[in-house]
Every structure is written in structure tokens, then in C-alpha cells.
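1. model the structure of this input:
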Amino acid sequence: MIRSNRQNRYYWKCIIEEISQYTGYHKYEAHDIMKEMFIPHTSKELTKEEFNNYCEEIRIWASQELGLILMTPNEYK
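-> The predicted model follows:
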């Protein structure tokens, strides 16, 4: 099953928007960069579990490389 609408909202609001604001990239540029760094194909085809793993990899990278702490899915309402 592909990712849920909730996962999609979390990704754009809590990951991409935050990285975009931090780096100065447009949100679509930030999205393309994250895809290029972490997945071999389109994010639209990821299962829920694969999408969770993708988001977690980005969160870890942002913390280690940017010093940016991103909200976890459990913190997102």
C-alpha cells in the first residue's frame, strides 16, 4: 500500500518545509534533493513502511549534517 495522506502531509510540512527554510532552497528543490540522496526512484511508489524509512533517513541526515532537529511523525498532529 502506498503512503497515506497523513504521511504525505507530515513529509511536506515537517521535513521538506523545514529543510527548505533552513537551506534556502524552494520546497520542490529540497524535495528533489532528498529523493536523489535517499531513494532510487519516485517517492510516490514507496509503501508506507518504505516511506517511513525514507523520512527517518532524512531526519537522521538533517540532524547529523545540518544540526536541524525535525519533528517525528508521532509529534506531528
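
2. what helices and strands are in contact with the lengthiest helix in the chain?
-> When the chain is scanned for its longest helix (criterion: DSSP state H), the result is helix 48-61. Contact here means 3 or more CB pairs under 8 Å, 6 or more residues apart in numbering; DSSP states H and E; on that basis helix 48-61 packs against helix 5-10, helix 27-38. C-beta: built from backbone N, CA, C; applies to glycine.

3. quick check: mean pLDDT of it?
-> Regarding helix 48-61, the rounded mean pLDDT is 95.

4. quick one, that helix and helix 27-38 angle?
-> Helix 48-61 and helix 27-38 are oriented at 100 degrees to each other (axes from the mean of the first three to the mean of the last three CA atoms, to 10 degrees).

5. in CSV, list the C-alpha atoms belonging to helix 48-61.
-> Listed next in CSV are the C-alpha coordinates belonging to helix 48-61 (Å, rounded to 0.1, in the frame of the first residue of the first chain):
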residue,chain,number,x,y,z
LYS,A,48,4.0,3.1,3.9
GLU,A,49,7.0,1.3,5.6
GLU,A,50,9.4,2.4,2.9
PHE,A,51,8.2,6.0,3.2
ASN,A,52,8.6,5.9,7.0
ASN,A,53,12.2,4.7,6.5
TYR,A,54,12.8,7.4,3.9
CYS,A,55,11.6,10.1,6.3
GLU,A,56,13.7,8.6,9.1
GLU,A,57,16.8,8.6,7.0
ILE,A,58,16.2,12.3,6.1
ARG,A,59,15.7,13.1,9.8
ILE,A,60,19.0,11.4,10.8
TRP,A,61,20.8,13.2,7.9
